[in-house]
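Chemist: Let's see this in three dimensions:
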Amino acid sequence: MRTTTFLTFVGDQCGKAEEAINFYTDIFPNSEIKSIKKYSEGEAGGTPELIKYGVFTLNGTDYMVSESNYNHAWSFTPAVSIFISDNSDGVIQTLFEKLSANGGQIMVPLDNYDGEGDYGFGKKYGWCEDKFGISWQFVLSE
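Modeler: Below you'll find the model as predicted:
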């Protein structure tokens, strides 16, 4: 058995999936777009410029993506996030800054913890949402 995170771009985010995966694969090391299949003309759920199904990797981890122009009653939520752990302060800081910039939102500032307010994850912790609505948590591991 294998599990993979599947990102569905709907509502205001529909039409932004390709931009998002290009952005992510540019800023994460060891990352690539493996495949993109677009909708056919007249196919239910989308139009030829939308991604019907795609696969990309971030630092060797596979993610799947799709987008739909149907009227969905949901979109991305901070209740589900991508959790990033690294022992390099520079890597964590750079990714946090890039993902929270240009329309993103900082939900928990990336900061050092000295026991007070410590989330128990590591020496440094932060949480942000990027301009596409995807939530990211960061921890500087011990």
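Chemist: and this protein, what are its domains?
Modeler: The record's domain parsing of the chain by automatic domain parsing lists 5-67, 81-140.
Chemist: a markdown table please, covering those and showing distance to Ser75.
Modeler: Quick note: C-beta positions are derived from backbone N, CA and C, even for glycine. Formatted as a markdown table, those follow (distance: least, CB to CB, whole Å):
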| stretch | distance to Ser75 |
| --- | --- |
| domain 5-67 | 5 |
| domain 81-140 | 6 |
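Chemist: so who does the residue lying closest to Ser100 once chain neighbours are set aside touch?
Modeler: Spatially, and ignoring its direct neighbours in sequence, Ser100 is nearest to Cys128 (3.8 Å; CB to CB, 6 or more residues apart in numbering). Cys128 makes contact with 96, 99-100, 104-108, 110, 135-136, 138 under the criterion CB atoms under 8 Å, 6 or more residues apart in numbering.
Chemist: switch to 7 Å and redo it
Modeler: By CB atoms under 7 Å, 6 or more residues apart in numbering, the contact list for Cys128 reads 96, 99-100, 104-107, 136.
Chemist: Could you list which of the residues you listed belong to helices?
Modeler: Those of these mapping onto helices are 96, 99-100, per DSSP state H.
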